[in-house]
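Novice: Starting from these lines, generate the structure:
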Amino acid sequence: MQRQIYTSIASDGSMKSLDGDQSSARKNRTIFLEKNDINPADTTLHTLSYGGDNYCRYQELHETDKGDGILRDSTVDADAVVVTHPNHAVLLPLGDCVGAVIYDPTQGILMVSHLGRQNLEQYGGTKCIQYLVDSYGIDPAQLTIWLSPSAGDGYPLHAFNNHNLQEVTLQQLAKAGVDEKKVNISTINTLTDLEYYSHSEFLKGNRKTNGRFCIVAVIRD
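Specialist: Numbering: from 1, shown residues only. Sure, this is the predicted structure:
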């Protein structure tokens, strides 16, 4: 089995509806998936809410979750999702936050974790790994991790001495026992790379278009 990751760019269109028009985002997601030979019916949209005060909520996805948010309305509401079988893809829309693709090659377990300011302030980078330890008995040192394009310098986290998202994420993963040499960090800064959407830059008036790019992760058998 092999982990595969795909990343959309702004020219692929927004992967999340920001104006209530679900049809446009669904069409963009479907086109992007099919372009990369991923069946939309085998894909789950990873969605999360900001309405509460807990940003460390984790959910295992099952066969019945395939197509959720892609072919029908989304029901997933979690900060990280776990897939334990091959050929079940996860699509996570992003605007500046870190999308962490966490893979245990020994058991074939895949986690996609959304790590933004709120999550990291609750030490989500450590807690999501601990969830894998407690639920599946994984060894953190065996994990291979990929961190998505995200806001780099220019988006300081004041709760962490103004370190950026990637730096704080890496610190929290290391605290959980992850081998830093097995973490691959994207060098793309969404604040400065115009090929990617940036929500924070849009709010500052530096981008004309608001939207979300996405990452898609899947284990191929």
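Novice: can you give me the strands for this protein?
Specialist: 2-7, 43-45, 58-60, 80-83, 89-94, 98-104, 109-115, 144-147, 183-185, 213-220 (DSSP state E).
Novice: To residue 129, which of these lies closest?
Specialist: For these, the distance to residue 129 is smallest for strand 98-104, at 7.3 Å, taking Cβ to Cβ. (Glycine included, C-beta is placed from N, CA and C.)
Novice: angle of that closest one against strand 213-220?
Specialist: 10 degrees (axes from the mean of the first three to the mean of the last three Cα atoms, to 10 degrees).
Novice: ok, back up a step: okay if I get the strands of the chain as CSV plus mean pLDDT, distance to residue 70 and mean neighbour count?
Specialist: Shown next, in CSV, are these (pLDDT from 0 to 100; distance: least, Cβ to Cβ, whole Å; neighbours: other Cβ atoms under 10 Å):
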stretch, mean pLDDT, distance to residue 70, mean neighbour count
strand 2-7, 96, 14, 16
strand 43-45, 98, 5, 26
strand 58-60, 98, 16, 17
strand 80-83, 98, 14, 24
strand 89-94, 98, 7, 26
strand 98-104, 98, 17, 25
strand 109-115, 98, 14, 26
strand 144-147, 98, 22, 20
strand 183-185, 98, 26, 16
strand 213-220, 98, 11, 23
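Novice: Format those as TSV; extra columns: distance to residue 51.
Specialist: Formatted as TSV, the strands of the chain follow (distance: least, Cβ to Cβ, whole Å):
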stretch	distance to residue 51
strand 2-7	28
strand 43-45	18
strand 58-60	16
strand 80-83	17
strand 89-94	17
strand 98-104	21
strand 109-115	15
strand 144-147	26
strand 183-185	30
strand 213-220	22
